[in-house]
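In: quick one, fold the following:
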Amino acid sequence: MKERTKLLHGNHQDRLAVLRRDRYCIFCGSSYNLQLAHFISRAQGGLGIPENLAAVCPACHHELDHTTQRQVMLESFRAYLDSYYPDFKDEDREYKKWSEK
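Out: Reported below is the predicted structural model:
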């Protein structure tokens, strides 16, 4: 697996930590069949780190990715992440191939 793919997906421990942190869909409160959603999408280089991930139910994940409610939901998503990581910048949520490590 390529480095970029690994970083965008995230490691198992981080993914479990997000599910433990959230416990419910951040949009509707459901606890059924939770998935992880990226605030900055993987297609845009969003990393699979807790500061960019949140638990969502399948219905809300679909709504986030495929409806006109996306912008409203992203504002709520940002507020949620900011409540845990108030000083975290969006640029730190994105994969940068040429940045120093």
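In: for the protein, which spans come out with low pLDDT?
Out: Along the chain, the parts satisfying pLDDT under 70 run over 98-101.
In: do a quick rundown of the strands in it.
Out: For the chain, strands defined by DSSP state E occupy the ranges 35-38, 53-56.
In: need the winner for burial among those.
Out: When those are scored by mean count of other C-beta atoms under 10 Å, the highest mean neighbour count falls to strand 53-56 (a mean of 24). Glycine gets a C-beta too; all of them are placed from N, C-alpha and C.
In: what's that one packed up against?
Out: In terms of contacts (3 or more C-beta pairs under 8 Å, 6 or more residues apart in numbering; DSSP states H and E), strand 53-56 is packed against helix 12-22, strand 35-38, helix 70-84.
In: give me the distance from it to the chain's centre.
Out: For strand 53-56, the distance from its own C-alpha centre to the chain's C-alpha centre is 5 Å (C-alpha atoms, centre = their mean, to the nearest Å).
In: can you give the contact residues for it?
Out: Residues lying outside strand 53-56 but in contact with it, judged by C-beta atoms under 8 Å, 6 or more residues apart in numbering, are 10, 14-15, 18-19, 21-27, 34-39, 64, 77, 80-81.
In: can you select the buried ones among those for me in PyMOL?
Out: This is how PyMOL selects the buried members of the contacts of strand 53-56, with burial counted by 16 or more other C-beta atoms under 10 Å:
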select buried, resi 10+14+15+18+22+25+26+27+34+36+37+38+39+64+77+81
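In: re earlier: who wins for proximity to Ile49 among the helices and strands packed on strand 53-56?
Out: When those are compared for distance to Ile49 using C-beta to C-beta, the nearest one is helix 12-22, at 6.1 Å.
In: as a markdown table, the helices and strands packed on strand 53-56 with distance to Pro58 would be great.
Out: Putting the helices and strands packed on strand 53-56 into a markdown table (distance: least, C-beta to C-beta, whole Å) gives the following:
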| stretch | distance to Pro58 |
| --- | --- |
| helix 12-22 | 14 |
| strand 35-38 | 6 |
| helix 70-84 | 14 |
